[in-house]
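Chemist: following is a predicted model, sequence given first.
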Amino acid sequence: MTNSVKRMTELLLPGSMLGVIASFAVGGVALYGGLPIGYVVVSVLALGIPLALFGAGYSLLLAQARIRIGGITPAVGYWLIGYTVSRTIYEVVINLYLGSPSLLSDGVLAFFGFQLLVSTGFAVGFMWLHENIAPMWWVHIRDRNPIAAAYVAAYTQQAAYTKQSKEQATRS
């Protein structure tokens, strides 16, 4: 593996791990609800794989500077598609697993309408987690990854600016 591929792979880790964590939350709820272990495994995989891939895609766009750090609007736009596609895959796989005659339980319009609404909440949650988890990872890899070092520098600069602004406000 070349250094550039390794560096990029390191940067994709926070986003993809958040997708995996979300799928384990779904699996935990299914287990708590007493659903069969086969259903739980299919649920975790059917949702986890797409969310992990879309999470990695989000991190990739961030690493390529196609979206900015902390930008909620790009995150909502991205997850409007990513979450809806992930949930569609999940719904189709679960209904196939259950032998359901319809691939989307609630009908196409109701299903997509609801997913588009929920995707905004998912985007905000993803963004919050990413903004709180990814910087710790970037600090860890900054010595060997120049993009992570640039992220850490940007966060440090923002923190200094925020501190300075607060100090000026309290002196006024």
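Modeler: Arrived safely.
Chemist: which one is Leu31 nearest to, not counting chain neighbours?
Modeler: Val40 (5.4 Å; Cβ to Cβ, 6 or more residues apart in numbering). Backbone N, C-alpha and C define where each C-beta goes, glycine included.
Chemist: contacts only, for the one you found.
Modeler: With contact set as Cβ atoms under 8 Å, 6 or more residues apart in numbering, Val40 has these partners: Gly27, Ala30, Leu31.
Chemist: any figure for the gap between it and Thr120?
Modeler: 27 Å (Cβ to Cβ, to the nearest Å).
Chemist: element containing Phe126?
Modeler: helix 108-141 (DSSP states H and E).
Chemist: what comes up buried for that helix?
Modeler: Neighbour-count burial for helix 108-141 flags 111, 115, 119, 122-123, 126-127, 129-130, 133-135, 137-138, 141 (criterion: 16 or more other Cβ atoms under 10 Å).
Chemist: which other residues reach stretch 153-164?
Modeler: With contacts defined as Cβ under 8 Å, 6+ apart, stretch 153-164 is touched by Ile69, Pro135, Trp138.
Chemist: and the helices in the protein?
Modeler: For the chain, helices defined by DSSP state H occupy the ranges 3-32, 37-63, 72-98, 108-141, 146-171.
Chemist: can I get the ones you listed in TSV including mean pLDDT?
Modeler: What follows is those, written out as TSV (pLDDT from 0 to 100):
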stretch	mean pLDDT
helix 3-32	90
helix 37-63	94
helix 72-98	94
helix 108-141	91
helix 146-171	85
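Chemist: correct me if wrong: Ile147 contacts Leu12.
Modeler: No. In this structure Ile147 lies outside contact range of Leu12 using Cβ atoms under 8 Å: 11.1 Å.
Chemist: distance of the residue nearest in space to the middle of the chain relative to Ser16?
Modeler: Using Cα atoms, centre = their mean, the residue of the chain that lies closest to the mean C-alpha position is Gly55, 4.1 Å off. Distance, Gly55 to Ser16, using Cβ to Cβ: 5 Å.
Chemist: excluding its backbone neighbours, what's nearest Leu13?
Modeler: Nearest to Leu13 is Trp137, by Cβ to Cβ, 6+ apart, at 6.4 Å.
Chemist: can you tell me how far the one you found sits from Gln164?
Modeler: Trp137 is 27 Å from Gln164, where distance means Cβ to Cβ.
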